[in-house]
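K.L.:
take this sequence and fold it.
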Amino acid sequence: MDQNTPADVPVLTVSAALSQAYAHWQAGQAMQAEQLCLRVLGTVPDQPDARHLLGLIAHAYGRADVAVEHLRAACRSPLAPAAYHSNLAEICRQQGLLDEAEHAARRAVALEPHGAEGWNNLGIVLQEQGQLAASLECLQRVAALMPDSPQAHNNLGNTCKRLGGNAQALKHYAHALELDPDYAQALGNLALALHDQARHDEALAAIRRAIEIDPLTPEWHRHLARIEAARAELAGRYAEAESLLRHALANDADNIMLLRQLAQAIRPLGHTDEARAILESIVRATPTDAGARFDLAELLLLHGDYDAGWREYRFRYRMPHTAMRSRHVQKPRWDGQPIAGKTLLIHDEQGYGDTFQFLQLVAWARQRSGARIILEINDACHNLAERSGGFDQIIRAGTIPPAFDLHCELMSLPLALGLRLADLPASTAYLRADPLRVERWRARLAGLPRPWAGLVWAGRPSHPNDAQRSLTLADLAPLAQPGVSFISLQKGEAAAQADTPPTGMAMVSPSQDINDFDDTAALITLLDVLVSVDSSPAHLAGALDCPVWTLLPYVPDWRWLQERADTPWYPSMRLFRQPGPGAWGPVLDEVATALRALRPQAGSGGA
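P.N.:
Got it, this is the predicted structure:
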């Protein structure tokens, strides 16, 4: 290789020099490896193996720009293997060069379709680009190729979490830690996922272990402060959480993240006016902060300021964690103007309770627009919506709609219609149960003594506010009293609690035979009252115009407003509110008293 090499320097072939260079690199002898690679390039310019190793060395020592240039040169060779393209993808990703990273990763998987590294890097790049469905597919492939790789399960967990599958993400993080209990990155990710489920003690244990393993990672310390503050809130130590954040802001008054956290911390305390003022100041300072705008929208709506609230609520799909849920319809969004002779597609979104709540606006939209209305509804709510009317055609979500001119999401209808509190309710009893199902359930429950009180004690666990709104059946023990037949309408994992009801609670648990919302609706119409936490069955009962008592945390979801025992959305609903943060005891005592008053009024016939 070296024709002019001094006599005391051994003559090397390119192959031998590269072999020694990689051996030096493996042994941590970067200087010697670099010198050998430079000798190779002196003989064979842009030799891809030498360029590749120089790129790895530069990256290891924080010279990212140099690393990218070396790896680009290595990958220009038609002989460059998949690993070189994969490494270029990873280093470009770290530099924020996501388009180039994606191109390199796709080249890697094209060269080696069964290689896990290329698919892994492609999956992570797609994850950072927000292409979450494609990322999930890539990372599932990696986990199948490398089932014993903790990194594969950690990365897969990250994409699941971004897709909203927090429970599935927890499983992947836990599996990663089974494979490597000291994997700090998985511990940190696990901590955040546990935090999102309000499992703060477990989250603290995980993040503290991550810090013990890797104390120099700044984000772990930020996560620790965040989880400690949230734990203080959940435990009722709201003042402690507020104090922590105010102390931090004293030294960093313009920190937008801390200001938002303070607004989030004081909202459960009932300081909604101050939280609103903080968020308004953030929006003035950074009008592009969609997250602050969404938080502000919820507070405006909670205060009943519907004019401003609906305007801010339109940014709900502009946040990083919601952007993938946005539906990019290639037609204009309806703005509330008359469009006689046109066809308007109205499509649902978000949760089942939201669908039940906003279906009452469809008929109004039809009247206001003068358009032909196509209503697209998720499969679970389709049958009930089909009996609601107010549209010209109804289709199931995911099917190709007929031709249409404009579209509007269900929860964008209030903005288009200029909805104000005085306009509510837009309709009552706009949903109807299936009469055949009603008779079937009437026959099944006929032997139970009256009154019949349905119970729903837990909402969807993945809901961001589930820890504040959900209970266990054991928590409802104060409701137990003779003469009342309690009927569980609970679904999901919490339904199993009905097998061991509190002492003195006569409980019937037909949950396994409640196959869909049509069954739930039929049961609700037969009840003397449904007692429910803030969940989709409560909305369904309100839409059916059936008696429902909804149990609310001290500062509830925006739709329930403040300091009132009724809701303009549903005339048949009565609200039972916590008198203070976390104070469910007075709520349950009040409901128990209401049940006692209900008993003498109950008849013996069915509804």
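
K.L.:
what residues of stretch 360-377 count as buried?
P.N.:
The neighbour-count check on stretch 360-377 (16 or more other C-beta atoms under 10 Å) flags 360-366, 368-369, 371-377 as buried. Just so you know, the C-beta spots here come from the backbone N, C-alpha and C atoms, and that holds for glycine as well.

K.L.:
hmm, I typed the wrong one, I wanted stretch 486-500.
P.N.:
Residues 486-491, 494-495, 497-498 are the ones in stretch 486-500 that count as buried (16+ other C-beta under 10 Å).

K.L.:
equivalent analysis for stretch 158-168, please.
P.N.:
158-163, 165-166, 168.

K.L.:
distance from that stretch to the middle of the chain?
P.N.:
Put simply, stretch 158-168 sits 7 Å off its chain's centre (C-alpha atoms, centre = their mean, to the nearest Å).

K.L.:
let me see the residues that make contact with that stretch.
P.N.:
123, 127, 132-133, 135-136, 139, 157, 169, 172, 189, 192-193, 196-197, 321, 324-325, 461-462 (C-beta atoms under 8 Å, 6 or more residues apart in numbering).

K.L.:
in this structure, where is pLDDT below threshold?
P.N.:
1-10, 28, 231-245, 247-254, 324, 461-467, 600-607 (pLDDT under 70).

K.L.:
relative to Ala152, how far out is the residue nearest the centre of it?
P.N.:
By C-alpha atoms, centre = their mean, the chain has its centre lying nearest to Gly164, at 3.7 Å. With distances taken as C-beta to C-beta, to the nearest Å, Gly164 is found 21 Å from Ala152.

K.L.:
which among the buried residues of stretch 360-377 gets closest to Gly62?
P.N.:
Lowest distance from Gly62 to the buried residues of stretch 360-377 (C-beta to C-beta) belongs to Glu376, with 51.9 Å.

K.L.:
my reading is that that closest one lies in a strand. Confirm?
P.N.:
Yes: with DSSP: H, G, I helix; E, B strand; the rest coil as the criterion, Glu376 is located in a strand.

K.L.:
so what's it closest to, chain neighbours aside?
P.N.:
Distances taken as C-beta to C-beta, 6 or more residues apart in numbering put His347 closest to Glu376, at 4.1 Å, once the chain neighbours are dropped.

K.L.:
wait, that neighbour sits on Leu406?
P.N.:
No: at 11.7 Å, His347 does not count as touching Leu406 under the criterion of C-beta atoms under 8 Å.

K.L.:
show me where the chain has strands.
P.N.:
Secondary structure of the chain (DSSP state E): strands at 343-347, 372-377, 393-396, 406-409, 452-456, 485-488, 507-508, 529-533, 548-552, 573-577.

K.L.:
okay if I get the ones you listed as CSV plus distance to Gly542?
P.N.:
Shown next, in CSV, are those (distance: least, C-beta to C-beta, whole Å):
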stretch, distance to Gly542
strand 343-347, 20
strand 372-377, 18
strand 393-396, 21
strand 406-409, 21
strand 452-456, 13
strand 485-488, 18
strand 507-508, 23
strand 529-533, 9
strand 548-552, 6
strand 573-577, 5
